[in-house]
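Q: sequence-free structure coming up:
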């Protein structure tokens, strides 16, 4: 074969191997996390909720415990009845309010105690020198059935039964509760409490669980056996029972008590996870190398083992936060929550329960907040799992 | 196998003793005792009460008495409901709790698994998105919110179901749905992901290549294997249903154990708290034990190793 049958290939640079810039573990994880739209939405939502809880309460003119007695149980959307240029609103517990045409509350009208006819269900309110008459006997008295409205308002001899216009409550965007407290402020304050409890409890759980699990896993043998038996025993009963017992033992609510109760129980799942990681990691060569070089036990655990198990730890931490929010609201709901007038989302929901049929909006906002937070953290957790721990990636 | 079960039963007994001791110690170390009220009770009455309930004995005697009572299923008197024992409360509450919890479990299995299978088979189709959307909602919305929403819409606005009690068959709908919600969502999500995993396996392709009907491939090969991880969820599910009942029974005003427990927590009725906690713990342990036995029977690959 003669050499002139061959020809040189021109160098185009096309087949040059393209080298990606090398990424650190975190940069790579972040790159993967950024691709996950739901996780990014989750992160944005959580940041908004944190801001909502941190900054929000100072932006409203009320504090979480301020009671404005005359504005109890006001809804977020008000029905306005316009009569002769004056706007009235009747609340579900038959209080009469005067408002501007834009829905800003001016004052509550005083019920005239002498003209409070409970039998015929007609109330008369004083409005300056004049009177406003509220007849709410419709559909309540057996003689007045089948109306499509429940009350009429009479003012200046004009009777109105249909609301003129619906306006958003400008003073209390989320309405007020049964003690006249602004619900927006309370929901924002509740965000602060709920998230604070969740974050601190999760951090403590992380701390205890990681240390407990890594000691148990690294030591192995009898130490491991005893330590895991303890975890098994704790884990053999629904964890909520321990939390309830602890809360009873603390004699009731209080922020610190909830945090202590939550963080003294939920570390067991973290300990198990970390132990499992340790068991497989400690058999690897780099640990053997470290041991041969005489690195101390403590240093091996903290410098070599834990950093290598950080992915699953972070994923499980991201899942722990929503379940702490969940448990906290559950505790508050069965009456073991933060003490009044403090509010978490759970206590707000619990307070709303008694008046549910009349004031459903009082449940709506705290419930929505819990659901949003849970959803956002779940999305973040799923995304983190895909980003940090490719082995666990879902199909 | 036999030694495994014996070991399990033995460790269950140890756990029960430890939990009872822990509960006892906690309830008896609360300062003030069960008859401390905001208005102090006169000393003589307090002494008489303490004598009546044997609270003047040394703590170790009280503990031994309590353990003795436990063996004979006597959980002692209730401190705040005069004249009733904790046993009475459990006897009267358990049937309603068990009925609602049992129906919820059936609903979870009968509805959750098929929904998961369907959405795995129709992956990324509208029905899959719908089922997963509902399942995500079910996991993120707490049961007390689901329960109150059910009351508000179906009992209040529409009037389809009664809002409290368990008097008619229709009145079971609300509590069962609220109780099942979380686990139902969880089971359908779990079934879906495990089903997707199984459908990618080689033996499914082999089954198809062998010309089996789609029904046989899915029903006999895929679903059966996909259910193994789902069965492991049953233990936590029992826990979710037990603790869920606190909230659901409170909201729907069902006279079940969960409601008595929550009431006793707010009344600081220590014997009831203690008795019901122990009852729950024992019940839970026994249920999980049965689940493990069933699991071993279902999945022949699982062999219990010694010392595990």
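A: Right, received. Where do you want to start? The shown structure was predicted, so the numbers you read here are calculated from the model rather than taken from an experiment.

Q: Residues contacting stretch B:279-297, please?
A: A:236-238, A:241, B:1, B:5, B:8-9, B:12, B:15-16, B:19, B:75, B:90, B:231-232, B:234-235, B:238-239, B:242, B:257, B:261, B:302, B:304 (C-beta atoms under 8 Å, 6 or more residues apart in numbering or on different chains). Every C-beta, even on glycine, is put in place using the N, C-alpha and C of the backbone.

Q: SS state for the residue minimising distance to the centre of chain B?
A: Nearest residue to the geometric centre of chain B (C-alpha atoms, centre = their mean): residue B:242, 2.5 Å. Following DSSP: H, G, I helix; E, B strand; the rest coil, residue B:242 is assigned to helix.

Q: pretty sure residue A:309 is in contact with residue A:279, am I right?
A: No. The pair residue A:309 and residue A:279 does not pass the contact test of C-beta atoms under 8 Å, sitting 10.5 Å apart.

Q: Of the two, which one has the most company?
A: More crowded of residue A:309 and residue A:279, by other C-beta atoms under 10 Å in any protein chain shown: residue A:309, with 21 against 15.

Q: related to what we said a few turns ago, now, which of the contacts of stretch B:279-297 lie within helices?
A: If you go by DSSP state H, the contacts of stretch B:279-297 have A:241, B:5, B:8-9, B:12, B:15-16, B:19, B:90, B:231-232, B:234-235, B:238-239, B:242, B:257, B:261 in helices.

Q: Now the buried members of the contacts of stretch B:279-297.
A: Among these, those classed as buried by 16 or more other C-beta atoms under 10 Å in any protein chain shown are A:236-238, A:241, B:8, B:12, B:15-16, B:19, B:75, B:90, B:234-235, B:238-239, B:242, B:257, B:261.

Q: tell me the contacts of the residue nearest to the centre of chain B?
A: If a contact means C-beta under 8 Å, 6+ apart, then residue B:242 has A:238, B:101, B:258, B:280, B:283, B:284 as its contacts.

Q: The stretch 51-200 of chain A: strands as residue ranges?
A: With DSSP state E, counting those that start in this stretch, the ranges of strands along the stretch 51-200 of chain A come out as A:77-83, A:86-90, A:96-99, A:105-108, A:110-117, A:122-127, A:130-135, A:152-155, A:158-160, A:165-168.

Q: wait, which of those is closest to residue B:134?
A: Counting by C-beta to C-beta, residue B:134 lies closest to strand A:77-83 out of the strands of the stretch 51-200 of chain A; the figure is 27.8 Å.

Q: got the contact list for the closest residue to residue A:76 other than its chain neighbours?
A: The shortest distance from residue A:76 to any non-neighbouring residue, by C-beta to C-beta, 6 or more residues apart in numbering or on different chains, is to residue A:175 (4.4 Å). Neighbour list for residue A:175: A:73, A:74, A:75, A:76, A:169, A:183, A:359, A:361, A:362 [criterion: C-beta under 8 Å, 6+ apart].

Q: for chain A, longest helix please?
A: Chain A, longest helix under DSSP H: helix A:183-219.

Q: That one close to chain B?
A: No. Between helix A:183-219 and chain B, judged by C-beta under 8 Å from any C-beta of the partner chain, nothing touches; the nearest distance is 11.7 Å.

Q: just checking, what packs against that helix?
A: Counting contacts by 3 or more C-beta pairs under 8 Å, 6 or more residues apart in numbering or on different chains; DSSP states H and E, helix A:183-219 packs against helix A:37-54, helix A:56-59, helix A:221-235, helix A:255-263, helix A:267-281, helix A:310-333, helix A:345-353, helix A:361-388.

Q: could I get those as TSV with distance to residue B:185 and mean pLDDT?
A: Shown next, in TSV, are the helices and strands packed on helix A:183-219 (distance: least, C-beta to C-beta, whole Å; pLDDT from 0 to 100):
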stretch	distance to residue B:185	mean pLDDT
helix A:37-54	17	85
helix A:56-59	31	75
helix A:221-235	23	81
helix A:255-263	23	82
helix A:267-281	20	84
helix A:310-333	13	82
helix A:345-353	19	80
helix A:361-388	11	82
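
Q: Show me the one of these that comes nearest chain B.
A: helix A:361-388 (3.7 Å; C-beta to the nearest C-beta).

Q: All good on my end, thank you.
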